[in-house]
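Peer 1: just need the structure, nothing else, for what follows:
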Amino acid sequence: MHMADALISPAVGGTMWAVAAGLIAHAAHKVRQTARDNLVPMMGVLGAFVFAVQMLNFSIPGTGSSGHLGGGLLLTILLGPHAALLTMASILTVQALFFADGGLLALGCNIFNLGFFPAFVAYPLIYRPWTRGGHTGGRAWLGTIVAAVAGLLLGAFAVVVETKLSGISALPFATFAVLMLPIHLAIGLVEGLATASVVTFVVRARPEAIAAVRSAQSTAGLRPVLAGLAVAALLAGGVASWFASTHPDGLEWSNAKVTGKEELEVPASAIHERLGNVQEKTALLPDYDFRASEATATEEEAPRWPAVSMGTSVAGLVGSLITLALVVLLGLGLRSLPLRRASRQS
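Peer 2: Residues are numbered from 1 along each chain as shown. This is a model prediction of the structure:
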């Protein structure tokens, strides 16, 4: 559900950049207030894990489409909404800059769609009341699925609204919505099951894990959980990514159903062109693979499955490590600010 710049006008893109910046500033302020030592490593490892699992597209039977986990609700359950938003923003920034996954102009939209709705709508309004503090058992599983579906559907509908407000594509609002919502309902069901599975693993491995992250407890008890998630991230990005579905994702599939093209042409505006040039220079592994040479770029090959590729493995591993480093640096930077201020006052 990563929006491309071809769907977004400069006005909508700039507005959503401002909205996302405001949300990030608010979340950073809240995370800085807590200054918990154990939060930063959990943010980093979970960021790497979500980056890796987002590479694992799964087919939606009978549609010719595919989907991937968003990870917003998982991050929120395990980290809290504010740390989750910062982690998701870091993941999406790494994807846009280094892998050309999602446009730079549309980055604010993607942060809002994939970060805000799970963290600040689905989690507090659905997950917490439904589960009543319990993270395992049938009620928790059902609540997780409902919250995941709601968050993803709200994000999908926001894509339709942002596209309509931009007015630069030929996608009709009603038709686009009718296609986007059902396909993301199916994706949301899978996301809910996957999220519940990971949360159950974490809670059973360390029953105190979630409470520890929300408090000032030591990271020592979280080390087995962090190690397990780190190994899972490396395996997902380095090996399991070979088995990702080759079908277009829900957004590309919806575009294709309406226009006959999976990718829309980018408008010939100065802002679109400049940001496109920036992304072309920064995307070291576009589409999660090595850059194609000029000789092979023009050759169309049928998608292989499994797509055993060194480029995909490198992209998964490098992307996970970059995300880990970015989130940890962000967390350490935020955590240090109150300490510096306190030392100056003393």
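Peer 1: name the residues that touch the helix or strand containing Val231?
Peer 2: Val231 is part of helix 223-238, with elements assigned from DSSP states H and E. Residues outside helix 223-238 that contact it (CB atoms under 8 Å, 6 or more residues apart in numbering) are 41-42, 45-46, 48-49, 51-53, 55-56, 201-202, 205-206, 209, 219, 313, 315-317, 319-320. All C-beta spots, glycine's among them, are computed from the backbone N, C-alpha and C.
Peer 1: could you redo the last one with a cut-off of 7 Å?
Peer 2: Around helix 223-238, the neighbours that count as contacts under CB atoms under 7 Å, 6 or more residues apart in numbering are 41-42, 45-46, 48-49, 52-53, 55-56, 202, 205-206, 209, 313, 316-317, 319-320.
Peer 1: in ChimeraX, how would I select the buried members of those?
Peer 2: A single ChimeraX command selects the buried members of the contacts of helix 223-238 (16 or more other CB atoms under 10 Å):
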select :41,42,45,46,48,49,52,53,55,56,202,206,209,313,316,317,319,320
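Peer 1: mind checking which of the contacts of helix 223-238 are in strands?
Peer 2: When DSSP state E defines the strands, the subset of the contacts of helix 223-238 inside them is empty.
Peer 1: so which of the contacts of helix 223-238 are in helices?
Peer 2: With DSSP state H as the criterion, helices contain 41-42, 45-46, 48-49, 52-53, 202, 205, 209, 313, 316-317, 319-320 from among those.
Peer 1: that older thread, pLDDT on the helix holding Val231, on average?
Peer 2: When pLDDT is averaged over helix 223-238, the result is 90.
Peer 1: buried stuff in it?
Peer 2: Neighbour counts using 16+ other CB under 10 Å place Val225, Leu226, Gly228, Leu229, Ala230, Ala232, Ala233, Leu234, Ala236, Gly237, Gly238 of helix 223-238 among the buried residues.
Peer 1: what distance do you get for Thr246 to Ala292?
Peer 2: With distances defined as CB to CB, to the nearest Å, the gap from Thr246 to Ala292 amounts to 16 Å.
Peer 1: what do you get for Pro182?
Peer 2: In this view, Pro182 and Ala292 are 34 Å apart by CB to CB.
Peer 1: neighbour count for those two, which is higher?
Peer 2: Neighbour count, other CB atoms under 10 Å: between Pro182 and Ala292, Pro182 has more, with 16 against 13.
Peer 1: packing partners for the strand or helix carrying that one?
Peer 2: For Pro182, the host element (DSSP H and E) is helix 173-205. Here helix 173-205 touches strand 58-60, strand 65-67, helix 72-79, helix 138-166, helix 209-213, helix 223-238, helix 250-259, going by 3 or more CB pairs under 7 Å, 6 or more residues apart in numbering; DSSP states H and E.
Peer 1: please repeat the previous calculation with a cut-off of 10 Å.
Peer 2: For helix 173-205, the helices and strands in contact under the criterion 3 or more CB pairs under 10 Å, 6 or more residues apart in numbering; DSSP states H and E are helix 39-53, strand 58-60, strand 65-67, helix 72-79, helix 138-166, helix 209-213, helix 223-238, helix 250-259.
Peer 1: what mean pLDDT does that helix get?
Peer 2: Within the predicted structure, the mean pLDDT of helix 173-205 is 93.
Peer 1: buried stuff in that helix?
Peer 2: Of the residues in helix 173-205, those buried by neighbour count under the rule 16+ other CB under 10 Å are 176-177, 179-184, 186-192, 194-196, 198-200, 202-203.
Peer 1: one more: stretch 279-293?
Peer 2: When burial is assessed from 16+ other CB under 10 Å, stretch 279-293 yields the following buried residues: Gln279, Ala283, Leu284, Leu285, Pro286, Tyr288, Asp289.
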